[in-house]
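S.K.: have a look; sequence and predicted model below, questions after that.
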Amino acid sequence: MDIQMQLAALRAEAETALDGVASAIELADLKAKYLGKKGPFAEFMTQMKVLPNEEKPRFGALVNESKNAVNALFEARREAIEAAEVAAKLAGEAVDVTLPGRTIRSGARHLLTRTVDEIEDLFIGMGYTVKEGPEIEQDLYNFEMLNLPKAHPARDMQDSFYISEELLLRTHTSPVQVRTLLEAGGNKPVKIICPGKVYRRDDDDMTHSHQFLQIEALVVDKDVTLADLKGTLLVLARKMFGEDRQIRLRPSFFPFTEPSVEVDVTCHKCNGKGCPMCKGTGWIEILGAGMVNNAVLEATGYDAKVYQGFALGMGVERIAILKHGIDDIRHFYTNDLRFNRQFR
Ligand code: DAH
């Protein structure tokens, strides 16, 4: 076959092969096949060697011309493939600037944590130290040394989860009073608050939870009177429920205090006029308190003729419920974000 026809056929074949090439890698392979050292053009140049000298220039020129043309086809194809690859990459990275942004939701402290912090801050500001005690407590500290001996009927006020004869989940934060007084050794003033979880064998409902939070306060010193307790309670009530609040003390009973009081605060909803929040009375009960019973002081090594003290204990959920008008204690523990978000 005439060299020109052979070259034309080769070029046509290369062109068809190029049409099927989609990637730079395939293109490189194909280029090696046609234009490489072992390719057909190199082969023609080998053939040229055996031609008579006068035919060599024409033959060589034809082969070169054809080779350059095929090379140009490869170049064009390479550019097209590269352009397509860039276009595909850009399309993949395209940002739709009209889309709404993604909100990053941040967490926030739980209402109960915030209530504890608020009360802690108040007491720390009055010189109190924060003390913690174990949630698994000895009967000795939870009851016995708080003037609640084994057969005492007042133990029924706090239905307990016992772990053994002597161990239970603490039913209140009052055992931290005992632990702190014992540590102090009977001759040092004590001024502490104790926040923490407590447990009672109650069936959970709108107003009861088998686990809840209390904050206890205890002051023991040489000249502590009921007036000190009253002043402290007024500061607390006003901090939590507003500066216009008044308080009143009603006689009550706790084995670890004598006298014992129940503390009411004027209703912050109706300002004492009477409303559903205060059940029409104008007053809301917020906590229990009293002067530390001599029996507790003596049991922990204090001379009750020299030292006196006051104590108070409040339910944190109850304070938060009253303050924010919450209708069900279970909201605190079910982690429904619609509830939690209301108190950011
Ligand atoms: N511990 C009591 C309770 O859980 C609350 C209490 C009442 C604590 C009077 C006190 C107090 O420190 O003085 O029911």
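M.R.: That came through, no problem. Just so it is clear, the structure is predicted and the values come from calculations on it, not from any experiment.

S.K.: pLDDT at whichever residue of the stretch 101-250 of the chain sits closest to the ligand, what is it?
M.R.: Residue nearest to the ligand within the stretch 101-250 of the chain: His172 (3.3 Å; C-beta to the nearest ligand atom). (Each C-beta comes from the backbone N, C-alpha and C, glycine too.) pLDDT for His172: 97.

S.K.: pretty sure it contacts Arg155?
M.R.: No - using C-beta atoms under 8 Å, His172 is not in contact with Arg155, being 11.6 Å away.

S.K.: dihedrals phi and psi, the spatially most central residue of the chain?
M.R.: In the chain, the centroid-proximal residue (C-alpha atoms, centre = their mean) is Gly107; its distance is 5.7 Å. With angles defined as degrees, to the nearest 10, Gly107 sits at phi -80, psi 170.

S.K.: now Ser23
M.R.: Dihedral pair for Ser23: phi -130, psi 160, per degrees, to the nearest 10.

S.K.: and for it, the neighbour number?
M.R.: The burial count assigned to Ser23 is 11, neighbours taken as other C-beta atoms under 10 Å.

S.K.: residues touching it, list them.
M.R.: Counting by C-beta atoms under 8 Å, 6 or more residues apart in numbering, Ser23 touches Ile81.

S.K.: chain neighbours aside, what residue packs nearest to Phe256?
M.R.: Spatially, and ignoring its direct neighbours in sequence, Phe256 is nearest to Leu146 (4.2 Å; C-beta to C-beta, 6 or more residues apart in numbering).

S.K.: just want to know which of His172 and Arg155 has more residues nearby.
M.R.: When His172 and Arg155 are compared for neighbours, His172 comes out ahead with 25 against 17, by other C-beta under 10 Å.

S.K.: tell me the spacing between the nearest residue to the more buried one once chain neighbours are set aside and Asp117.
M.R.: Counting by C-beta to C-beta, 6+ apart, His172 lies nearest to Val198, which is 5.3 Å off, once chain neighbours are set aside. Note on Val198: its distance to Asp117, by C-beta to C-beta, to the nearest Å, is 18 Å.

S.K.: same check on Lys188?
M.R.: Distance of Lys188 to Asp117, given as C-beta to C-beta: 27 Å.

S.K.: Pro153 too?
M.R.: Distance from Pro153 to Asp117, by C-beta to C-beta: 37 Å.

S.K.: so between those two, which is more surrounded?
M.R.: Set side by side, Pro153 and Asp117 show more neighbours around Asp117, with 12 against 8, by other C-beta under 10 Å.

S.K.: list the contacts of that one.
M.R.: Residues in contact with Asp117 (C-beta under 8 Å, 6+ apart) are Arg109.

S.K.: check which helix or strand covers it.
M.R.: Using DSSP states H and E, the secondary-structure element containing Asp117 is helix 111-125.

S.K.: and the very next helix or strand once past that helix, how far from the chain's centre?
M.R.: Note on helix 111-125: by DSSP H and E, the next helix or strand toward the C-terminus is strand 129-130. Strand 129-130 has its C-alpha centroid displaced from the chain centroid by 25 Å (C-alpha atoms, centre = their mean, to the nearest Å).

S.K.: packing partners for strand 129-130?
M.R.: With contacts taken as 3 or more C-beta pairs under 8 Å, 6 or more residues apart in numbering; DSSP states H and E, strand 129-130 sits against helix 111-125, strand 190-199.

S.K.: give the rounded mean pLDDT of the shortest one.
M.R.: The average pLDDT within strand 190-199 is 98.

S.K.: run the angle between that strand and helix 111-125 for me.
M.R.: 170 degrees (axes from the mean of the first three to the mean of the last three C-alpha atoms, to 10 degrees).

S.K.: show residues contacting strand 190-199.
M.R.: Strand 190-199 has contacts (C-beta under 8 Å, 6+ apart) with 116, 119-120, 123, 127-133, 135, 160-161, 169-173, 176-177, 180-181, 184, 210-221, 309, 316.

S.K.: skip ahead from that strand and say which helix or strand is next.
M.R.: Once the chain leaves strand 190-199, the next helix or strand it forms, by DSSP H and E, is strand 211-221.

S.K.: quick one: that following strand to helix 111-125, angle?
M.R.: Going by the same axes, to 10 degrees, strand 211-221 makes 0 degrees with helix 111-125.

S.K.: how about strand 211-221 and the ligand, touching?
M.R.: Yes - counting by C-beta under 6 Å from any ligand atom, the ligand is contacted by strand 211-221 at Glu216.

S.K.: can you pull the buried residues of that strand?
M.R.: Using 16 or more other C-beta atoms under 10 Å as the test for burial, strand 211-221 gives 212-220.
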